[in-house]
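Trainee: Give me a model of this one.
(one chain, ligands or ions: 1)
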Amino acid sequence: VLAGRKIVVSAGGTREPIDPVRYVSNHSSGRQGYALAQAALDAGAREVVLISTVETLPVPVGSTVIAVDSAEQMCDAVLQSSADADALIMAAAVADFRPEIVAERKIKKTDDTAGMNLTLVRNPDILLEVKQQRARIDYPRVMVGFAAESDNLLSNAQSKLERKGLDMIVANDITAADAGFAVDTNRVVILDASGKHPQELMSKAEVAEAIVIRVAGILNNR
Ligand code: CTP
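Mentor: Below is the predicted model of the structure:
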């Protein structure tokens with residue numbers, strides 16, 4: 001269903017450096033993103049670009065991996081790769097903040113260091129940057145986001161769908177034991193222009209397949 005298409009997927013939690021040996025990050029495993037890249041390949045995509053912070057998962061054979069660490073690096077790679085893409089699927093857990101100052105050398109403590117303060121500043125919102133790019137050049141043709149929420153799942157997801165200019169958002173209740181970070185299953189609700197579509201408990205591979213089928217549907221109806 002994706003024959004001839006170029007699909008860009010982001011995966012994993014971004015790592016925001018503090019000094020050469022430390023970073024701030026989150027619990028994202030990258031598994032849903034890798035499953036999406038695999039599903040896009042299985043659906044016959046011409047080109048699958050996986051923009052990833054993950055080093056521990058096998059690369060889906062046939063995809064091109066662009067390795068990144070920070071949100072800023074991911075933003076550059078996503079903007080560039082999606083400039084001729086049919087669809088961008090942002091499965092990455094992008095850190096909203098990064099340390100204001102990155103120490104060039106390892107930060108050392110002394111006997112009387114009781115604690116330290118870390119000042120964080122806002123990262124770019126990658127999807128908002130892509131939305132602006134799409135307004136200029138019409139690419140990527142389809143934009144899909146994820147919403148990982150612990151409260152007010154559907155209303156928060158719906159407002160992200162609108163604010164970020166998405167064609168589809170995949171809402172994920174991270175408080176459920178069988179969904180979200182570091183498990184192989186996900187219980188999601190897909191929201192798009194046609195409404196809210198709750199899915200059963202599925203493997204991340206099955207969730208990926210459901211998303212890919214809907215992306216293909218949107219592209220084919222354009
Ligand atoms: N996202 C992004 N850039 C960011 C943060 C998030 O592109 N700086 C993307 C994520 O990849 C995801 C979607 O936006 O597809 C929603 O991410 P989420 O962390 O749930 O939302 P936030 O925009 O961070 O909103 P909030 O902090 O209110 O939960």
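Trainee: Only C-alpha atoms from now on, for both contacts and neighbour counts.
Mentor: Fine.
Trainee: surely residue 193 meets residue 168?
Mentor: Yes: Residue 193 lies in contact with residue 168 (Cα atoms under 8 Å); the separation is 7.4 Å.
Trainee: excluding its backbone neighbours, what's nearest residue 218?
Mentor: Computed as Cα to Cα, 6 or more residues apart in numbering, the closest residue to residue 218 that is not its neighbour in sequence is residue 142, at 7.7 Å.
Trainee: Who are the contact partners of that neighbour?
Mentor: The contact partners of residue 142, taken as Cα atoms under 8 Å, 6 or more residues apart in numbering, are 86-88, 166-167, 215, 218-219.
Trainee: So for residue 193 and residue 168, which residue has more residues nearby?
Mentor: More crowded of residue 193 and residue 168, by other Cα atoms under 10 Å: residue 168, with 28 against 11.
Trainee: so how far is residue 210 from that one?
Mentor: 12 Å (Cα to Cα, to the nearest Å).
Trainee: now swap in residue 17 and tell me
Mentor: Applying Cα to Cα to residue 17 and residue 210 gives a distance of 35 Å.
Trainee: Who has more neighbours out of the two?
Mentor: Taking neighbours as other Cα under 10 Å, residue 17 and residue 210 compare with residue 17 leading, 19 against 16.
Trainee: measure stretch 43-50 end to end?
Mentor: Using Cα to Cα, first and last residues of stretch 43-50 are 15 Å apart.
Trainee: what's the answer for stretch 64-84, then?
Mentor: OK, stretch 64-84 end separation, Cα to Cα: 15 Å.
Trainee: cool, stretch 111-126 as well?
Mentor: 41 Å.
Trainee: and residue 76, what element?
Mentor: helix 71-82 (DSSP states H and E).
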